[in-house]
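J.: Predicted model, plus sequence, below.
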Amino acid sequence: MKQRAKASAEPTFTVDALWALDRIGEASLGPDGAQAVAGVTRYSMETNKAQSSLWLFSTLGGEPRRLTEAGEKDGNPQWSPRGDLIAFVAKREQAGVKDEEAQLYVIPPDGGEARRVGQVPGGVEAFKWFPDGRRIAFVAWVWPDRKAAEQAEALREFKARKETAYVTDEALYRFWDHHIPMGRVPHLHVMDVATGKARDLFEGTPFELGRAEPDANAFDISPDGRRIVFAFDPAAEKQLDNRFALAEIDVRTRQVQTLLRDGDWDFSAPRYSHGGAHLAFLASHQARGHNRPTQLAVLDQHGRWAVFSEGWDHEVSAPLRWAEDDQAVLFTAEDRGRRHLWQFALGDRRADIVFEGGHVGSFDARGGFIAVNHDSVQFPPRLSVLDGDGAVRRMEALNDERLAAHRFGRHEEVSFTGARGDDVQMWLIHPPGFSARRKWPVMHVIHGGPHTAFGDSWHWRWNHQVFAAQGYVVACVNYHGSSSFGFEFLDSITGHWGEYELQDIEAATDWLLARPWVDSRRIVATGGSYGGYMVAWMNGHVPAGRYQAYVCHAGCFDWQAMYADDACSWHRKELGAAYWDDPAKVAAQSPVSFARQFATPTLVIHGQLDYRVPDAQGLAYYNTLKSQGVPARLVWFPDENHWVLKPRNSRLWYGEFFAWLQRHLPRR
Ligand SMILES: CSCC[C@H](NC=O)C(=O)N[C@@H](Cc1ccccc1)C(=O)O
C-alpha cells in the first residue's frame, strides 16, 4: 500500500494539510455489530485525484483494516443481512470489461477478490439488500418506452449519436451540476446476487422514483422481502418542489398500490418497522407553507397515519431507523447549530439525544450497536460506536496523528440581539495562540442556504480552521432564516430576503467591535451561494470602510436572471412573488438593484458547472464592479460546480482568497 504523506511538521493548518486528511464515509454495520465497513477517500495534491477504498472498523476496539485495494472509486458499502458479503458500487475493469458507469460489486468481509454483480446499462445509482441477503434492490435510469432487454442497446445508440443537443420538454432537467439523463427516468430494479440477473420492477408502468438524485432513502424493502415501499411524484409535470406520495409494489406480481397521497402533504423516506406492521416516514405540510419542517409520521396496517413529532419544532432528517423494539425511531436533527442523533419514543412522543453532536453526519444501528460518523470544528468526520450500555468508543484514529501535528483554534458560541430584537447565535473560531490582549482581524464567513446553519461541524470546502490559522477570528452568524432555531425563525425572512439577515450581520459586527481584541480596521466578510448573495447585498447596503474587502463565491446577484437556475420553482415562494407578477418586489431583494452603491473591493469566484447559481450571476457581479472602477478580481473554474472539489483548484481557491484579503487589509 502506498505510504501516506507523513504528518506535516508545519503547525499552521493549511489547505494542503486539509487535503492530506482521510475522508471517512457512512458506516454499515455487520449483522452482529462487531464490525462496520465504510469508504475512505484519499486525495493527492500531486495527482489532483481521489482514491476511495473500503475499510473494516471494529466496534470492539480492534485496528481498522483496509478491505479493497484494486478499485479507484469503491463506495457506498452495505453489509449483507447474512453477514457473508459486503456490496458496494465501483467502476473497475474486470474479466475484460471496463465499467463505464458504477456497477454493483460484492466482496466477502474476510477479503479476497471483489466480484461484479450483473452489468447494469447506465450504472447503479443506489441500492439496498433484501432481508434474505440473496437479492439487492437498486435504482437505475431507463428509457421508459423501451423494454428492459432493449436498454443496453438503447444506451449504446445514444452514446454513439453524433448530435450533442440536450432536448427536453420537462420542467426539471438539471440538478446542481448535472443534467437529468435525457429521456430517461429512474426505475427500481431487483438483482439476484448469485446470477447477476436483474428485473425492472417498474417496466411498463408509469411509476418512477424522484428524478433529483434518487437515493436509498427513496425506498425500503419489507422485512419479508415481498413488498417495496417507495416515494414518487404523482404529478405529470415533475418539479423539484412537487409533493410526493407513497406507494408499495409487490415484488413478485409487480402490482402497485398507492398508500398515501395528499395534495397538502409531501411524503418521503419510508421505512418499515422490524415487525413490518408499521411504516415510518417524513411528512411536510407544504400547503401550510413551503418551509414547513419534515416531521416524523407513522402509517399502520389499516391505512391510518399520524404525525408524531407535531409538537417538536425541529426538522427530522432522513434516514429513519426503527429501534430494535419498534417502539421508537432513530434519526438525526439539528438543534441550535449542532446536529445530534435522536431517539423519538412513539408512546410519549418524546425526543431524547442518543449521541450528541458536534455534527452527526450519519449512523447505522445493528446488533445492539450504533455506529456514528460525526465531526466538529475541531475534527473531521470520524467513526465512533455507542454500545448497548451507552458507552461511546472511537472506532478509528486514521487522522489523529496528522491532526495532532497542527495548531487549531478554539471555538465558542455566543449570542447577541439581532433583527426584531431576537436572540441570534454566532460561532467564533479563534486563531491558534489567540490572546485577548492583542487586536485581531475578523473574517465573517456567512453560510449559504439560507435555510442551513453553521455550527460545531467540519467543512471540507470552507474550512474554518484553515481560515483561523491565518490569524483571523472567524465569525459565523446564524442569521434569521437559518435552520435549527425553529420554523418561525427560519421562515421569518420569506418575502424580504436580505433585510433581517443584514441586520443580524451588522449587529454581530457591532458586538465584535465592542470586544477589545477586535481590530476595527481589519474586518472582512466572505460567503458562498446565499452567503455570496449576502456579501453582494452588503456591498449595496453598507457604506464603504466598514468592511475592508469581500469574497463572493457563487453568489446570487439578480433574482430575475436567477430564473436560469435548477431551483426556480422555489423562487416565488421564498421571494414572495414571481418576477413577472411583481418585478419591483423581486428587484428589491436583488443585489443588482443596488449596484450604484458598490464600493468595497470584492473577489468574485464561480464555477461553470454550477446550475444552482449559474456562473452568469458571478460574471455579472464582477463586470458591474469593474465597470464602476471598484477593485475586483475574478476566479472562474471551467470544471467546478457549486463548490470546488479538486485539490489543486481548492489550493488555488484558498490562495486567492487569502491574498485578496491581505491585499486590502491595512498593515497591522
Ligand atoms: C430556497 S431554494 C434553494 C435553497 C437551497 N438550500 C437550502 O437552503 C440552495 O440551493 N441554496 C443556495 C442559494 C440559493 C437560494 C435560492 C435559489 C438558488 C440558490 C445555497 O446557498 O447553496
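T.: Right, received. Where do you want to start?
J.: What sits closest to the residue in the stretch 51-200 of the chain positioned nearest to the ligand if chain neighbours are left out?
T.: Using CB to the nearest ligand atom, the closest approach of the stretch 51-200 of the chain to the ligand is made by Trp176 at 8.2 Å. All C-beta atoms are positioned from the backbone trio N, CA, C, and that covers glycine. Using CB to CB, 6 or more residues apart in numbering and skipping the chain neighbours, the partner closest in space to Trp176 is Arg612 (5.6 Å).
J.: State the three-state secondary structure for that neighbour.
T.: What DSSP: H, G, I helix; E, B strand; the rest coil gives for Arg612 is coil.
J.: Let me see the contact set for it.
T.: Residues near Arg612 by CB atoms under 8 Å, 6 or more residues apart in numbering: 176-177, 529, 554, 565-567, 642.
J.: how far away is it from His642?
T.: Distance of Arg612 to His642, given as CB to CB, to the nearest Å: 5 Å.
J.: list residues touching both of these two?
T.: In contact with both Arg612 and His642: 176-177, 529, 554, using CB under 8 Å, 6+ apart.
J.: The protein against the ligand: which residues are in contact?
T.: Residues of the chain found near the ligand, taking CB under 6 Å from any ligand atom as the criterion, are 448-452, 529-530, 556, 565, 567, 570, 574, 612-613.
J.: who wins for most neighbours among the residues you listed?
T.: Each of the residues of the chain next to the ligand was scored for neighbours by other CB atoms under 10 Å, and Cys556 scores highest at 30 neighbours.
J.: okay but it is in contact with Gly528, surely?
T.: No - between Cys556 and Gly528 there is no contact under CB atoms under 8 Å: 10.6 Å.
J.: Please enumerate the helices of the stretch 551-668 of the chain.
T.: 568-575, 583-587, 615-627, 647-664 (DSSP state H, counting those that start in this stretch).
J.: Adding distance to Trp462 and mean pLDDT, write those out as TSV.
T.: As requested, the helices of the stretch 551-668 of the chain are exported to TSV (distance: least, CB to CB, whole Å; pLDDT from 0 to 100):
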stretch	distance to Trp462	mean pLDDT
helix 568-575	23	97
helix 583-587	28	98
helix 615-627	16	98
helix 647-664	9	98
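J.: ranking those helices by burial, who's on top?
T.: Ranked by mean neighbour count under mean count of other CB atoms under 10 Å, the helices of the stretch 551-668 of the chain are led by helix 615-627, which reaches a mean of 20.
J.: Read off the pLDDT value for the closest residue to the ligand within the stretch 451-600 of the chain.
T.: With CB to the nearest ligand atom, the shortest gap between the stretch 451-600 of the chain and the ligand falls at Ser529, namely 3.0 Å. Among the per-residue scores, Ser529 holds a pLDDT of 98.
J.: so who does the residue lying closest to it once chain neighbours are set aside touch?
T.: Distances taken as CB to CB, 6+ apart place Gly448 nearest to Ser529, at 3.5 Å, with adjacent residues excluded. Applying CB under 8 Å, 6+ apart to Gly448 gives the contacts 527-532.
J.: Ok, Leu240 next?
T.: Neighbours of Leu240 in contact, by CB under 8 Å, 6+ apart: 172, 175, 212, 566-567, 569-570.
J.: what do you get for His374?
T.: 355, 357-361, 381-382, 384.
J.: Any idea how far the helix or strand of the chain with the lowest mean pLDDT is from the middle of the chain?
T.: The helix or strand of the chain with the poorest confidence is strand 93-94; it has a mean of 90 (mean pLDDT, DSSP states H and E). Distance of strand 93-94 from its chain centroid, counting by CA atoms, centre = their mean, to the nearest Å, is 31 Å.
J.: ok, the following helix or strand past that strand: who's next to it in the sheet?
T.: Later in the chain than strand 93-94, the nearest helix or strand by DSSP states H and E is strand 97-98. Strands that pair with strand 97-98, judged by DSSP bridges, come out as strand 93-94 (antiparallel).
J.: Just the pLDDT at the residue of the stretch 51-200 of the chain closest to the ligand, thanks.
T.: Trp176 is given a pLDDT of 97.
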